[in-house]
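Novice: I need the structure of the sequence given here:
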Amino acid sequence: MRMTVADVMTTEVVSVTATTPFKDIAEALITGGISAVPVVDDDRHVIGMVSEADLLRKEEFREQFYREGYRPPLRARLRNPKGRQKAEGDTAADLMTAPAVAVSPQASAVEAARLMDAHDVKRLAVVDPDGRLAGVVSRRDLVKLFLRGDEEIAAEVREDILDRALWVETSGVRVEVHQGVVTLSGWMERRTEAAIAVRMTRRVNGVVDVIDKLTWKQDDSAWEGR
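Specialist: Sure, this is the predicted structure:
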């Protein structure tokens, strides 16, 4: 039911090596229409990631400190050593962020989204158990999950959740989907079962929201957790 990184990642990946020159990296980003490239060693192990932001440090540093021939004092230059190092970098080894933020192909799409948010990155390197490059997953790849059709979503909720996963009577439940918003209506035997149905429906890929209109015959919520 849950979609994994392997389901949405790009496997034909543009990558660079530690010795790839600055301009070749910039060309790879522009030509590929991408925001970052993984840096790999000779055995395809991912050792870092170079992003547009890393390349722009050179122009940013030059504009901030060197316009009109001005050179900042040593204290100011030491205040941002990483920025200065990347600004002066000529190869991927100088420019990359290491270690790269990576994810397994078996990780869920939700895990990938959380990693991107936690590290404030737009793309993740996807690596196999040995750390070798298997693909790249981007924010755009994850957003595609929301393009699933309403009928496809409704079928998954009906067949995979209500008819298989819950193992309870669900014949009284109606499923309607409009623009990714799922409405569950009708009845179930117990209040806790209805709550579980709603929670599981929220986790279906492509679901934007769930409107809960379910009723129940028995309110067993007071016994939940006892």
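
Novice: and V126, what is it in contact with?
Specialist: When contacts are counted by C-beta atoms under 8 Å, 6 or more residues apart in numbering, V126 touches V5, A6, M9, A102, V103, S104, P105, L133, A134, G135, V136, V137. No exception for glycine: its C-beta is placed from N, CA and C like everyone else's.

Novice: nearest spatial neighbour of the fifth one, skipping sequence neighbours?
Specialist: Distances taken as C-beta to C-beta, 6 or more residues apart in numbering put L124 closest to V103, at 4.8 Å, once the chain neighbours are dropped.

Novice: now a PyMOL select for only the buried ones of the contacts of V126.
Specialist: To isolate the buried members of the contacts of V126 in PyMOL, using 16 or more other C-beta atoms under 10 Å:
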select buried, resi 5+6+9+102+103+104+105+133+134+135+136+137
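
Novice: ok, R139 touching K122?
Specialist: Yes. Counting by C-beta atoms under 8 Å, K122 is a contact partner of R139 at 5.2 Å.

Novice: tell me the pLDDT at G32?
Specialist: Per-residue confidence (pLDDT) for G32: 89.

Novice: count the neighbours of the closest residue to D41 other than its chain neighbours for me.
Specialist: Leaving out its chain neighbours, the residue that sits closest to D41 by C-beta to C-beta, 6+ apart is I47, at 5.6 Å. Neighbour count of I47, defined by other C-beta atoms under 10 Å: 18.

Novice: can you name the helix or strand that I47 falls in?
Specialist: Element membership for I47, per DSSP states H and E: strand 46-51.

Novice: neighbouring contacts of that strand?
Specialist: Contacts of strand 46-51 (C-beta under 8 Å, 6+ apart): 16, 18, 25, 35-41, 92-93, 95-102, 121-123, 125, 127, 131-133.

Novice: which stretches of this structure form helices?
Specialist: 5-8, 22-32, 52-65, 74-79, 81-87, 92-95, 109-119, 139-143, 150-156, 191-202 (DSSP state H).

Novice: how about the ones you listed in CSV, adding distance to E176?
Specialist: As requested, the helices of the chain are exported to CSV (distance: least, C-beta to C-beta, whole Å):
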stretch, distance to E176
helix 5-8, 26
helix 22-32, 41
helix 52-65, 43
helix 74-79, 58
helix 81-87, 52
helix 92-95, 51
helix 109-119, 24
helix 139-143, 24
helix 150-156, 7
helix 191-202, 12
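
Novice: point out the most buried one among those.
Specialist: Highest mean neighbour count among the helices of the chain (mean count of other C-beta atoms under 10 Å): helix 92-95, with a mean of 21.

Novice: what about W216, neighbour count?
Specialist: The number of residues packed near W216 is 17, by other C-beta under 10 Å.

Novice: related to what we said a few turns ago, what's the overlap in contacts for R139 and K122?
Specialist: With C-beta under 8 Å, 6+ apart as the test, R139 and K122 both reach M116.
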